[in-house]
Each structure stands twice: as structure tokens, then as C-alpha cells.
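S.K.: here you go, sequence then predicted model.
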Amino acid sequence: MMCARAPLLDALPAMYVLEMAEDVVQRCLADDRLDLDDHDPGETFGWDKREAQVAATEEMAAVAGLQRKFFASEQAALLVVLQAMDAGGKDGTIRSVLNGVNPAGVDVNSFGVPSDEERSHDYLWRVHAHAPAKGQIGIFNRSHYEDVLVVRVKKLVPEAVWSKRYGHIREFERMLVDEGTEIVKIFLNISNDEQRERLQDRVDDPDERWKFRLGDLEDRALWDDYQDAFRDAIRKTTTDDAPWYVVPADRKWVRNLVVAKILRHHLERIDPKYPAPDDEIEGVIVE
Ligand code: ADP
């Protein structure tokens, strides 16, 4: 499935297009024949920037409302896996889309280069420990997918080892789903040019420079290998129960609206309900 826009939409007024774009979540859903060339990182779905920002605010408010029930009900957990090339906007997405959500119900975990202790265990050990509890939205900023991305591209383990991991990951995620976790996996899809601009901005802006590592340039030189690794990871691990979405991310206002819509869609699928109050509470007067 593609994030491409039908030419007819060019002729329609923006608000109309915004309403029609309710199928955007479905259009970003990946399948096992994913071709990243079919997904334009600069896609706008015909949205106008200002209207999309207003729509995103509404979607975020809906997400916050659903999260209140989700948190109270403790019916299920929600795991959101965020992956991207460097400067793909993972941090900005978390900041924007969870704006208004009760922080007590959100658990953000970032996974960097494994520590010695983490390395002495299997690669799923450190992520499993942070899988969200019921009532919690767990955000993985990078994740177990690094073990089939950077690890594959930089040849940190032999192919015979990383190639088995797609199967482990499918089974691991299936177990989490069977035990009550809703899983959403999001690839923030930026273009090579956009990455260059964002990395350059980080170098040039003293307030952003702390985010830049010289290693980012080494990874950038391996762009094509990373794209292949992402394509294979998504193809091999997207399932009905733990789907991958490829989100156009060159424009932050498009990215924020799409991610908010995806989160809303999955929270609605859980359909959380406030716990029923005790029968004796009816009519109680608090003096
Ligand atoms: P970010 O780029 O997400 O803001 P950092 O600058 O701390 O965060 O980078 C995290 C680094 O950790 C990335 O270069 C990533 O490739 C690396 N990393 C994450 N997981 C693994 C892993 N399992 N093995 C090796 N490197 C990893």
C-alpha cells in the first residue's frame, strides 16, 4: 500500500481533503511487499499546513481523552515503537503528539548502544524489561529493531545471527499481543536531502549541536544499506497484530497529524472504558 495521493485531490479545497484523508492511516500501513520508493517522504496528502496543524491539535486532544480511560481501565498496554534514520524526528514526534497526555501514563524509553550488562544477555532482554504495563503507553525511541538495523549494516554480528532475529521478533511481539499489549510500529520516513539539512542545522545551531555526533556522518554514508535494512525489517515483521506504518516525515506538520491519527486509531481499537464504580457509590453524599 502506498502513501501516494490521487491526482484528483489536487483540485479539491483543503478542508474537504482533510476530511477525505481519514484513510491516511490505512494508506501508511506497510505490507510484506513494501517498496520504500513508493513512499514519498514529502507527501502532504493534499493538506494545507495551517489546517493540518489545527487538525493535529484536535487529534491530540482525542488521544489525550482516550488515554484517560485507557489509564484508568488498565485493560491493555500500548507499545509504540518509533524508528527512523538519524534526525528523522523521533524526539520531536514524542514531544508533539503526546502533548496533553497524562505523563503518569506514559513511559518513554530510549535504546542506545547496549551496555556491557545488556550485551551479556540476549538482545530482547533489555526491551522486554521495558514493555509497558497495562494502562501505560510505552514509547520505544529506537528498540529491538536496532538489532536488525545498525547491527546488520555495521556487521556487528554475522548474518547467520541477525537473519534469525526477524522470526524471534515476530514471536516476541506475538507473545506481547497475546498477553494484552496493542503494538504499533512507526517508521518516520525522511529523505536523504532532508537528513542532510537537519544534520547541517544541528552543526550550525549552538542550541542543537549537542545532538550531533561525528558518527552520524558514518551512518549517513551508509544510507542505502540502512534503507535496505529498514525495508527488510518492515517486510518481515509487519503483521495484522503488530503493524508497521511508514509515515512521511520531511514535513513535521504532516508527520504529527499522521502519527496522532495512528495513535487515535489504535486507542479506539482498544476501546477503553472507565472501570464500573461500586454499586454502593450511587447516591452517596459527601459531607
Ligand atoms: P538518538 O540518535 O536516537 O537521538 P543517540 O544519539 O544516543 O540517540 O544514538 C543512539 C545510538 O545507539 C545510535 O547510533 C544507534 O545506532 C545505537 N544503537 C541502538 N541500539 C543498538 C544496538 N542494539 N547495537 C548497537 N548500536 C545500537
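M.R.: That came through fine. Residues are numbered from 1 along each chain as shown.
S.K.: near the residue in the stretch 151-287 of the chain that the ligand sits nearest to, how many other residues are there?
M.R.: Closest residue of the stretch 151-287 of the chain to the ligand, Cβ to the nearest ligand atom: Val151 (5.2 Å). (C-beta placed from N, C-alpha, C; glycine too.) Counted with other Cβ atoms under 10 Å, residues neighbouring Val151 total 18.
S.K.: looking at it, it is touching Ser163, isn't it?
M.R.: No - Val151 is not in contact with Ser163 according to Cβ atoms under 8 Å; the separation is 11.1 Å.
S.K.: quick one: secondary structure of Tyr226?
M.R.: Following DSSP: H, G, I helix; E, B strand; the rest coil, Tyr226 is assigned to helix.
S.K.: ok, now which ones touch the closest residue to it other than its chain neighbours?
M.R.: In space, and not counting its chain neighbours, Tyr226 is closest to Val153: 5.6 Å by Cβ to Cβ, 6 or more residues apart in numbering. Val153 makes contacts with 219, 222, 225-226, 229, as judged by Cβ atoms under 8 Å, 6 or more residues apart in numbering.
S.K.: follow-up on the earlier one: which is the succeeding secondary structure element to the helix or strand containing the residue of the stretch 151-287 of the chain closest to the ligand?
M.R.: Taking DSSP states H and E as the criterion, Val151 maps to helix 150-153. Sequence-wise, the next helix or strand downstream of helix 150-153 (DSSP H and E) is helix 159-162.
S.K.: and the helices in this structure?
M.R.: 14-20, 24-27, 49-73, 90-97, 116-119, 125-128, 150-153, 159-162, 165-178, 192-204, 215-221, 223-237, 252-270 (DSSP state H).
S.K.: list the buried residues of the second one.
M.R.: Within helix 24-27, the residues that qualify as buried by neighbour count (16 or more other Cβ atoms under 10 Å) are 24-25, 27.
S.K.: can I get the residues you listed in a markdown table with pLDDT and distance to the ligand?
M.R.: Converted to a markdown table, those look like this (pLDDT from 0 to 100; distance: Cβ to the nearest ligand atom, whole Å):
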| residue | pLDDT | distance to the ligand |
| --- | --- | --- |
| Val24 | 97 | 26 |
| Val25 | 97 | 25 |
| Arg27 | 96 | 27 |
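S.K.: isn't Lys185 up against Thr238?
M.R.: Yes - at 7.4 Å, Lys185 and Thr238 qualify as touching, with contact defined as Cβ under 8 Å.
S.K.: neighbour count for those two, which is higher?
M.R.: Comparing Lys185 with Thr238 by neighbour count (other Cβ under 10 Å), the higher total belongs to Lys185, at 25 against 20.
S.K.: who's the more buried one bridged to?
M.R.: Val81, Trp244 (DSSP bridges).
S.K.: going forward, count from 415.
M.R.: In the new count, where the first residue is 415, that last one comes out as Lys599.
S.K.: residues contacting it?
M.R.: Applying Cβ under 8 Å, 6+ apart, the residues near Lys599 are 494-495, 497, 559, 648, 651-652, 656-659.
S.K.: so who does Asn603 touch?
M.R.: Contacts here follow Cβ under 8 Å, 6+ apart; on that basis Asn603 touches 450, 453, 455, 498, 502, 660-663.
S.K.: still on that earlier bit, what subset of the contacts of Val567 is also close to the ligand?
M.R.: Near the ligand, judged by Cβ under 6 Å from any ligand atom, there are no entries from those.
S.K.: of the residues you listed, closest to Ala470?
M.R.: The nearest member of those to Ala470, counting by Cβ to Cβ, is Tyr640 at 27.9 Å.
S.K.: how about the residues of the stretch 415-564 of the chain near the ligand?
M.R.: So far as Cβ under 6 Å from any ligand atom goes, the stretch 415-564 of the chain lies against the ligand at 500, 525-528, 555-556, 560-561, 564.
S.K.: got JSON lines for these, with pLDDT and neighbour count too?
M.R.: Below are these laid out as JSON lines (pLDDT from 0 to 100; neighbours: other Cβ atoms under 10 Å):
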{"residue": "Asp500", "pLDDT": "97", "neighbour count": "20"}
{"residue": "Phe525", "pLDDT": "98", "neighbour count": "17"}
{"residue": "Gly526", "pLDDT": "98", "neighbour count": "9"}
{"residue": "Val527", "pLDDT": "98", "neighbour count": "9"}
{"residue": "Pro528", "pLDDT": "98", "neighbour count": "17"}
{"residue": "Asn555", "pLDDT": "98", "neighbour count": "18"}
{"residue": "Arg556", "pLDDT": "98", "neighbour count": "18"}
{"residue": "Glu560", "pLDDT": "98", "neighbour count": "20"}
{"residue": "Asp561", "pLDDT": "98", "neighbour count": "23"}
{"residue": "Val564", "pLDDT": "98", "neighbour count": "16"}
